[in-house]
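S.K.: With the sequence up front, the predicted model follows.
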Amino acid sequence: MSPQELAEAIVPATADTRRRIPLWGFLKGHPQAAIGAAILVVFALVAILGPWIAPYGPREQVGPIFGTPSNPHPLGLDDAGIDILSLLIYGARITLIVGFAGALVAVVVGGLIGIVSGYFGGRIDNLLMRITDYFLVLPDLVLLIVVASIWGRSLRNIIIIIGLVYWTFMARLIRSQVKVVRERAYVKRAQALGASHLRIITRHVLPQVLPLILAQTVLMVALAIFLETAISFLGLGDPNAPSWGRMIENAFDRSAISYGAWWAIVPPGLAVAVVIMAFNMLGTAAEDALNPRLRVSHLLRRHFRMRPLPDKDDAR
Amino acid sequence: MSALAVEDLHVWFDLPGGRELHAVQGIDLALEPGERLGLVGESGCGKTTAILAMMGLLPPSASVAGRVLLGGEDILAGGDRTMRPHRWTDIAMVFQGAMNAFDPVKTVGSQITEPLERAGIASGRAARARTAELLELVGISGERQDRYPHEFSGGMRQRAAIAMALACEPKVLLADEPTTALDVMVQAQILELLVRLTDELGLAMILVTHDLPLVSQACTRAAVMYAGRIAETGTTRELHHAPLHPYTRMLFQATPDLRGTGAVSSIPGAPPRLDEPTVGCPFSPRCDRAFAPCAATRPPLRTAGTGHLAHCHLEGGA
Amino acid sequence: MSETLLEIEDLVVRYRQGRKGVVQAVDGVSLSVAAGEMVALVGESGCGKTTTAQAAMRMAPIASGRIRYRGADITALGSGALRPIRRELQLIFQDPYESLDPRFRVRDTVLEPLQIHGIADDREGRVRRALERAGLTPPELYLDRYPHELSGGQRQRVSIAAALALEPTMLLADEPVSMLDVSVRAGILGLLDGLRADGLGVLMITHDLSTAAHYADRICVMYLGRIVEEGPAAEVIGDPRHPYTKALLSVVPRPDPDDAGAPEILRGETPNPADVPTGCRFHPRCPVAQDRCRTDDPALAPAGAAGHRAACPYA
Ligand SMILES: Nc1ncnc2c1ncn2[C@@H]1O[C@H](COP(=O)(O)OP(=O)(O)OP(=O)(O)O)[C@@H](O)[C@H]1O
Ligand SMILES: Nc1ncnc2c1ncn2[C@@H]1O[C@H](COP(=O)(O)OP(=O)(O)OP(=O)(O)O)[C@@H](O)[C@H]1O
Ligand code: SF4
Ligand SMILES: [Mg+2]
Ligand SMILES: [Mg+2]
């Protein structure tokens, strides 16, 4: 049978929807994702290179209180005479770290609970989902204030708070996905072979839901940054970490508005908005690429072309 | 005059990198009113592509050549412009997998009524009445039009899909694998329905399938396709008892018969790729009777009696 | 007499449906498969064929009945105790497009059973031999491909190779060819037939009676969760006794256009296992039903030649 099988092996592969999406193709096909990614790369570079590119230190008084934007200080000075551009650069670090770490906590906790719940189902599922529901009905703001006032104001606590607020969302999403994958025939096949739960989860289920988790993580970072800003604005942020949220809070606190010092508020506000938007653009595009909703059937677009008949090749 | 005639139909698909896939490579078919013609062949040989071309429903990546004559008029010549007035009203189709294509959140009836209203055939109460009538025609009680697809069995959904195609009283019906994935009893019911419809309504039908016995039982004539071409056409009797092309014979030999005793043998290998031109007979690498000229020159058209034609180097049958 | 491998006795499987509904997917099925024997389980869609096979693998909720493998009762074994049995008892899933992990290369798919059962020696050789036995030769051409790079027939062979990698003694094949072109079907069935001749026990599920007639030693006809007729293949095909089997056989299309037969197309809805009729479960569709059929539920009883049984008093 082998020579013929050889011929069979050369048959072109049939198109398959499960094919992986190459990163480059994805960015090319989703311009908004490319823009979002480009913005994030810039901000990430700024955050990483902060200490080297910031013109001044984050606590260094370099001029008058609320000094107006001018040549050595293009974004002006704040209430303590600190250079706002430098603060913004250092703030990028803190803000992005809190955003990523908070999202990570939410994804890890929510992911774990979602996977266990969705995979095992039954009683475990009921119990875990009941716990999730309790957290879901708890008002975020109350949770925030209670935790911050009990545990104190620190970066670590803010990260935990963000995780606490968002893990329920992640847990539900992943649970529903895992429930679907669990029913796939190849998971059943692994069960029939006698594979352990751990093996099935790590080798068959997780790789299938991972892309979705990644896309959601990106969106989650945007939410986490937003929440961090809100927490800081409410005065519950870490007093020693100059995040963008803290900058805004500080400016309001020290009545920047009555000084007319818009430059103390607008740059960090804008930075928050742009970064959140960028994460959103990237995340929604990734989500879109991973769950292709029913695309318009090719049968509806009938713009086939006519061409002349080819030469008769009967003589060949 | 033929209800539908296809002359030298070609379809190409654009592939990435400027390549092309020649999915249909010049086929000829003729269909008389009330006639049932089987179109058989392995997966990927171009059956669906051919009938989509007859419906003018190919995607932008396709280019087409040849003629599709409906009552003597070439409806393909002007592309979509000349196709549109005939599509669904004169020539209709049941899509491959149509029974799984119903929208799960809409009632079956509304999915038949909507196209009726959009096409301006009927609206409101009249459209509902027409939908009921169509469902009755395919053996489903008209009252069930307010049910959802999941409340229908596979066979009933397939009937509803056929009803949809009949909405505008076409003269030609193209049925793409209408019974694949259904079990024998439901398959028999659907086949009986299609036979009844062609007999009662004078509908001409092309039945696309890869199941030879189905064609033997439901059709009078059949065309066997291989790699985008028609290898052999003739009456189902001629194809079964006196095939001219080895592919036809080998397909029958690969089909187990309920009471047959003969050995069943697979056809080794696989069809050629269609994105490269083939030399000689496309079936030659798999053919059990291939000889010197087969791999070198395109086989000539052989005939044995009117309407029994095959492209093969062999003389005097396979 | 060769050893009986799999014995299913009075199997009942129920699924819960919605809030209070119960689907009796399998309702008292008994069958057995011996070494070197191919038994075909045939019947309409939804009659419980897949459920029976999955219950035999302990993958469906068994309400009552017994599953024995080589004489040992495995009905209540825990997953740890089941592992050695799952090494010998292999299941080929119905759908080759679904049953391969899209992220696994052919090599990984065939390797997985060896990893699960901790077989460390000569893995590469075992994988290659399994692929060769399943007709994927030379194996190098396939080892590094993903499922989407294979045709339907090749995928089905990969799932057969994965089942063969552990050198099982018993194979449950759920519609192994129904998705495939007729040109490759014969190859796969021939392969299973060869393995059977080497002593493998095969339970083949199919709704294609021609295939069952051609390859099986015995045929069990299932209707709405029950076996209504069973016997040697030639007997069941040549001398069907149950009216359902007769109807089923009559509608199988024949390749010869001159041999139309007399198709006896059953009317009525495809039966619903959530709502089983009283008496004989086939009576609402039965062409020869009498009054007693509405009340008496017939059991399998000898009919015709030795080993041939049917569940109909008029058989
Ligand atoms: N839109 C497309 N773009 C590129 N190639 C296509 C497209 N549609 C079909 N093809 C190719 O054209 C050939 C014929 O496909 P077609 O669907 O007509 O086969 P078929 O005979 O209907 O097969 P099946 O029995 O599997 O339905 C195949 O090789 C297929 O891969
Ligand atoms: N997990 C499940 N939950 C609820 N009902 C189920 C489940 N699996 C199967 N069923 C029901 O049990 C019945 C038997 O199903 P099964 O899949 O065993 O049929 P089958 O004979 O294999 O059919 P087919 O030929 O379509 O594969 C069907 O009515 C089906 O709807
Ligand atoms: S032309 Fe030759 S290779 Fe082709 S079918 Fe005829 S005998 Fe076979
Ligand atoms: Mg097709
Ligand atoms: Mg099944």
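M.R.: That came in fine, so what should we check first? None of these values were measured; they are calculated from a predicted model. Ligands and ions are numbered 1, 2, ... in the order given.
S.K.: Going by C-alpha atoms from here, please, whenever you check contacts or count neighbours.
M.R.: Noted.
S.K.: Show me which parts of the helix or strand hosting A:L112 are buried, residue by residue.
M.R.: With elements delineated by DSSP states H and E, A:L112 resides in helix A:84-120, which encompasses its position. Within helix A:84-120, the residues that qualify as buried are A:84-119, counting by 16 or more other CA atoms under 10 Å in any protein chain shown.
S.K.: So which residues of the chain form strands?
M.R.: By default, I'm working from chain A. Per DSSP state E, chain A carries strands over the ranges A:305-306.
S.K.: wait, chain C
M.R.: Counting by DSSP E, chain C has these strands, from start to end: C:4-17, C:21-34, C:38-43, C:62-69, C:72-73, C:89-92, C:170-174, C:201-206, C:218-223, C:226-232, C:301-302, C:309-310.
S.K.: Ok, the stretch 101-250 of chain B next?
M.R.: B:172-176, B:204-209, B:221-226, B:229-235 (DSSP state E, counting those that start in this stretch).
S.K.: Looking at those, which is nearest to chain C?
M.R.: Distance to chain C, taken as CA to the nearest CA, is lowest for strand B:229-235 among the strands of the stretch 101-250 of chain B, at 9.5 Å.
S.K.: May I have the closest one as CSV, with CA atoms only?
M.R.: Only the C-alpha atoms of strand B:229-235 are listed here, as CSV (Å, rounded to 0.1, in the frame of the first residue of the first chain):
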residue,chain,number,x,y,z
ARG,B,229,-14.0,16.1,-14.6
ILE,B,230,-16.7,13.7,-15.6
ALA,B,231,-15.1,10.3,-15.9
GLU,B,232,-18.2,8.6,-17.1
THR,B,233,-21.9,9.3,-17.7
GLY,B,234,-24.7,7.0,-18.6
THR,B,235,-27.8,5.4,-17.3
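S.K.: strand partners of that strand, parallel vs antiparallel please.
M.R.: Looking at strand B:229-235 with DSSP bridges, its partner strands are strand B:221-226 (antiparallel), strand B:309-311 (antiparallel).
S.K.: deepest of the ones you listed, which one?
M.R.: strand B:221-226 (a mean of 25; mean count of other CA atoms under 10 Å in any protein chain shown).
S.K.: Report the contact partners of A:A192.
M.R.: Taking CA atoms under 8 Å, 6 or more residues apart in numbering or on different chains as the contact definition, A:A192 lies against C:M57, C:M59, C:R86, C:Q90, C:L91.
S.K.: If we use 10 Å, what do you get?
M.R.: The contact partners of A:A192, by CA atoms under 10 Å, 6 or more residues apart in numbering or on different chains, come to A:186, C:54, C:57-59, C:82-83, C:86-87, C:89-93, C:113.
S.K.: Grab the most central residue of the chain for me.
M.R.: No chain specified, so I'll use chain A. Per CA atoms, centre = their mean, the C-alpha nearest to the average position across chain A is that of A:V218, at 1.4 Å.
S.K.: Chain C, not that one
M.R.: For chain C, counting by CA atoms, centre = their mean, the most central residue is C:I205, which lies 2.4 Å from the centre.
S.K.: re earlier: switch the strands of the stretch 101-250 of chain B over to a markdown table; also include mean pLDDT.
M.R.: As requested, the strands of the stretch 101-250 of chain B are arranged in a markdown table below (pLDDT from 0 to 100):
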| stretch | mean pLDDT |
| --- | --- |
| strand B:172-176 | 95 |
| strand B:204-209 | 96 |
| strand B:221-226 | 97 |
| strand B:229-235 | 96 |
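S.K.: Of these, which is nearest A:V181?
M.R.: Minimum separation from A:V181 across the strands of the stretch 101-250 of chain B (CA to CA) falls at strand B:172-176, 31.1 Å.
S.K.: Return the list of helices and strands in contact with the closest one.
M.R.: Helices and strands touching strand B:172-176, as assessed by 3 or more CA pairs under 10 Å, 6 or more residues apart in numbering or on different chains; DSSP states H and E, comprise strand B:36-40, helix B:47-55, strand B:91-94, helix B:154-165, helix B:184-201, strand B:204-209.
S.K.: ok, now which ones touch the residue in the stretch 101-250 of chain A that ligand 2 sits nearest to?
M.R.: When distances are taken as CA to the nearest ligand atom, the stretch 101-250 of chain A approaches ligand 2 most closely through A:E183, which lies 9.0 Å from it. By CA under 10 Å, 6+ apart, A:E183 lies in contact with A:Y119.
S.K.: Model confidence for it, exactly?
M.R.: Turning to A:E183, the model gives it a pLDDT of 85.
S.K.: ditto for B:F252
M.R.: For B:F252, the pLDDT comes out at 94.
S.K.: Next up, the contacts around it.
M.R.: B:211-213, B:239-240, B:243, B:246, B:264-265, C:182-183, C:255-256.
S.K.: between whichever strand or helix holds B:Q25 and strand B:221-226, how many degrees?
M.R.: Using DSSP H and E, B:Q25 sits in strand B:20-31. With axes from the mean of the first three to the mean of the last three CA atoms, to 10 degrees applied, the angle from strand B:20-31 to strand B:221-226 works out at 170 degrees.
S.K.: Pairing partners for strand B:20-31, with directions?
M.R.: The partner list of strand B:20-31 in its sheet, established with DSSP bridges, is strand B:4-14 (antiparallel).
S.K.: before we move on, the earlier item: any idea which of the strands of the stretch 101-250 of chain B gets closest to C:H308?
M.R.: Put simply, out of those the one that sits nearest C:H308 is strand B:204-209, at 35.5 Å, with distance taken as CA to CA.
S.K.: near ligand 1 at all, that closest one?
M.R.: No: when contact is scored as CA under 6 Å from any ligand atom, no part of strand B:204-209 falls within range of ligand 1; the minimum is 7.0 Å.
S.K.: okay but A:F100 is in contact with A:V218, surely?
M.R.: Yes: using CA atoms under 10 Å, A:F100 is in contact with A:V218, at 8.7 Å.
S.K.: OK, contacts around the residue lying closest to A:S70 once chain neighbours are set aside?
M.R.: Sequence neighbours aside, A:G76 is the residue nearest to A:S70 in space, at 6.5 Å (criterion: CA to CA, 6 or more residues apart in numbering or on different chains). Contacts of A:G76 were listed using CA under 10 Å, 6+ apart, and they are A:63-70, A:82-85, A:261-264.
S.K.: just checking, which of the residues you listed belong to helices?
M.R.: In helices, judged by DSSP state H, the following of those are found: A:I84, A:L85.
S.K.: before we move on, back to that, so can I have a markdown table of the strands of chain C showing mean pLDDT and distance to B:R289?
M.R.: Rendered in a markdown table, the data for those read as follows (pLDDT from 0 to 100; distance: least, CA to CA, whole Å):
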| stretch | mean pLDDT | distance to B:R289 |
| --- | --- | --- |
| strand C:4-17 | 93 | 44 |
| strand C:21-34 | 92 | 41 |
| strand C:38-43 | 96 | 34 |
| strand C:62-69 | 95 | 48 |
| strand C:72-73 | 94 | 53 |
| strand C:89-92 | 93 | 35 |
| strand C:170-174 | 94 | 34 |
| strand C:201-206 | 95 | 33 |
| strand C:218-223 | 96 | 36 |
| strand C:226-232 | 96 | 37 |
| strand C:301-302 | 94 | 49 |
| strand C:309-310 | 96 | 46 |
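S.K.: any idea how far chain B is from the residue nearest to the centre of chain A?
M.R.: A:V218 sits at a distance of 32 Å from chain B (criterion: CA to the nearest CA, to the nearest Å).
S.K.: count of residues packed around A:Q216?
M.R.: The tally of other residues near A:Q216 (other CA atoms under 10 Å in any protein chain shown) stands at 21.
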